[in-house]
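> Can you look at this prediction? I've put the sequence above it.
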Amino acid sequence: MARKRKRAKTTEFHTVKRIDNSRLVRTLEPSRLRELARWVGLGTLCLGFVLLYGWQRFHCIQLNYELEDLKSQQAQASTLNSKLRLEIAGLRNPMRIDLIARRQLRLTEPVPGQMEIVNGPSGAEVASNRLGRAPIPSGQTGGSQ
């Protein structure tokens, strides 16, 4: 059998030394300070690019949602427009208007001799009325009065 070695037990003593290092100031080398400034600048630049990309991406997604909402609103407006056009066409139906005139308003067709044909104003009087001027009496010209 192998012999067992006996180790000598040594006792270790730890003493506590109170050292005041508050007066010591560690100086940085200028080259190390420049390197640290470069790394901080590079990190800031990279962070700026990442934030700019994230903001653009978020804004693009937000605009896509708004575009989809506007497309759905346009489709709804188009559907409503076609329904309203059909309703207008139904309301303008001459048969419907005739029924309302006869039943609700109790109107009848005019009998012969009930209507009188009146000669309308001449073209010059109509044109002057449209422009807001007093009508020109027939027989006079507009140049001298």
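Received the coordinates, thanks.

> Now do the helix or strand harbouring Leu80, average pLDDT.
Assigned by DSSP states H and E, Leu80 belongs to helix 30-91. Mean pLDDT, computed over helix 30-91, is 96.

> check contacts around Lys71.
By CB atoms under 8 Å, 6 or more residues apart in numbering, the contact list for Lys71 is empty. C-beta coordinates here come from the backbone N, C-alpha and C atoms, glycine included.

> Now for Ala101, how many residues are close by?
Residues lying near Ala101 (other CB atoms under 10 Å) number 13.

> Where does the nearest residue to it once chain neighbours are set aside sit: helix, strand or coil?
The shortest distance from Ala101 to any non-neighbouring residue, by CB to CB, 6 or more residues apart in numbering, is to Leu107 (4.4 Å). For Leu107, the assignment made with DSSP: H, G, I helix; E, B strand; the rest coil gives coil.

> Was I right to think Leu107 contacts Ile100?
No: look at Leu107 against Ile100 with CB atoms under 8 Å: they stay out of range, at 9.1 Å.

> Relative to Asp98, how far out is the residue nearest to Ala101?
9 Å (CB to CB, to the nearest Å).

> Ok, Glu12 next?
121 Å.
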